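>>> starting from these lines, generate the structure:
(one chain, ligands or ions: 1)
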Amino acid sequence: KQLHQLKKVRKELTRFMLSYKFGLDEINTKLNILQEEFEHIHDYNPIEHLKSRIKSPESILRKCQRKNVSITEASIKHAIKDIAGIRIVCSFITDIYKISEIIQGQQDIKVMEMKDYIKNPKSNGYKSLHLILAIPVFLSDRQEEVYIEIQIRTVAMDFWASLEHKIYYKYDGEVPAHLVEELTNSANIANQLDEKMEFLHTEVNGEKTDKQSDSDLDFLP
Ligand code: 0O2
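Sure thing, here's the model as predicted:
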């Protein structure tokens with residue numbers, strides 16, 4: 001009887017996790033299409049790279065404990081909206097908003113939540129644009145809606161967040177004050193770099209457009 005129960009739980013868990021994998025596959029396909037379109041049709045691709053991941057069942061349970069969520073399928077689904085996540089890394093801040101608008105414009109995607117930690121950074125300096133999307137997944141016998149968290153950030157924001165994440169876990173959340181201060185300072189430096197790069201990009205892009213329009217004119221009779 002116990003074995004039967006165990007098999008049932010395992011099957012339910014597999015079914016639960018699979019629907020997130022399928023949702024992630026759908027969004028990844030959409031993003032790959034965008035990337036290819038940008039590469040071939042436009043001469044500039046705003047997506048530097050992307051990475052997707054599914055939270056492990058252990059990590060989902062830890063987050064449930066941390067947030068006091070009861071362990072039922074419905075409450076986990078409702079409370080933990082980053083079981084499936086995609087991180088999109090862009091070169092420039094303006095690209096972040098460009099990508100976000102394109103995603104939000106797709107008809108089968110519902111935007112449930114948007115957290116703009118770029119306009120309103122966290123006190124430690126964390127910056128990123130978070131979108132919680134709901135996407136339909138079509139299965140053999142039913143249709144399900146799953147949540148996907150998208151984090152969109154620049155290379156500099158990503159560099160900062162990766163190190164901060166490592167330090168946070170190393171100290172189990174109790175990061176010494178001097179490191180917190182150093183991290184906040186580095187977040188400011190990363191932000192300055194983003195602003196400088198954006199400035200250069202706009203300068204160069206403006207020049208390029210001018211040159212292009214000049215050469216376009218050469219083809220006119
Ligand atoms: P992991 O290990 O990266 O998956 P909420 O549901 O709004 O109450 P939640 O889910 O924490 O709270 O939402 P939020 O603030 O949007 O954060 C979600 C994810 O963003 C985190 O997932 C991190 O990946 C990232 N994040 C948020 N704040 C920080 C930060 O200060 N530093 C870094 N490095 N990353 C951050 P997890 O599950 O916390 O962690």
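>>> so which bits of the protein are right by the ligand?
Within reach of the ligand by CB under 6 Å from any ligand atom, the chain has these residues: 63, 82, 115, 122, 124, 126, 130, 161, 164-165. To be clear about C-beta, it is placed using only N, CA and C from the backbone, and glycine gets the same treatment.
>>> filter those residues down to the ones in strands?
Those of the residues of the chain next to the ligand mapping onto strands are 115, 130, per DSSP state E.
>>> just curious, which of the residues of the chain next to the ligand is nearest to residue 136?
The closest of these to residue 136 turns out to be residue 82 (CB to CB; 18.7 Å).
>>> on the three-state scheme, the residue most central in space within the chain is what?
Note on the chain: the residue nearest the mean C-alpha position is residue 151, at 2.2 Å, using CA atoms, centre = their mean. Going by DSSP: H, G, I helix; E, B strand; the rest coil, the secondary structure assigned to residue 151 is strand.
>>> and it, what does it touch?
By CB atoms under 8 Å, 6 or more residues apart in numbering, residue 151 lies in contact with 85-88, 128-130.
>>> kindly recompute the last result at 6 Å.
If you count contacts by CB atoms under 6 Å, 6 or more residues apart in numbering, residue 151 has them with 87, 128, 130.
>>> okay, and the beta partners of the first one?
Beta-bridge pairing of residue 87, defined through DSSP bridges, involves residue 51, residue 151.
>>> what is the burial count for it?
A total of 18 residues lie near residue 87 under the criterion other CB atoms under 10 Å.
>>> what does the pLDDT read for it?
pLDDT recorded at residue 87 is 98.
>>> would you mind listing where this structure has pLDDT under the threshold?
Low-confidence segments of the chain, defined by pLDDT under 70: 207-221.
>>> where along it do the helices fall?
Secondary structure of the chain (DSSP state H): helices at 2-40, 57-66, 73-79, 93-104, 155-170, 177-218.
>>> would you mind getting the angle between the longest one and helix 155-170?
If I follow you right, that is helix 177-218. Calculated by axes from the mean of the first three to the mean of the last three CA atoms, to 10 degrees, helix 177-218 forms an angle of 160 degrees with helix 155-170.
>>> circling back to that earlier point, got the residues of the chain next to the ligand as JSON lines, with neighbour count columns?
JSON lines is the format used below for those (neighbours: other CB atoms under 10 Å):
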{"residue": "63", "neighbour count": "16"}
{"residue": "82", "neighbour count": "17"}
{"residue": "115", "neighbour count": "15"}
{"residue": "122", "neighbour count": "12"}
{"residue": "124", "neighbour count": "14"}
{"residue": "126", "neighbour count": "18"}
{"residue": "130", "neighbour count": "19"}
{"residue": "161", "neighbour count": "22"}
{"residue": "164", "neighbour count": "21"}
{"residue": "165", "neighbour count": "11"}
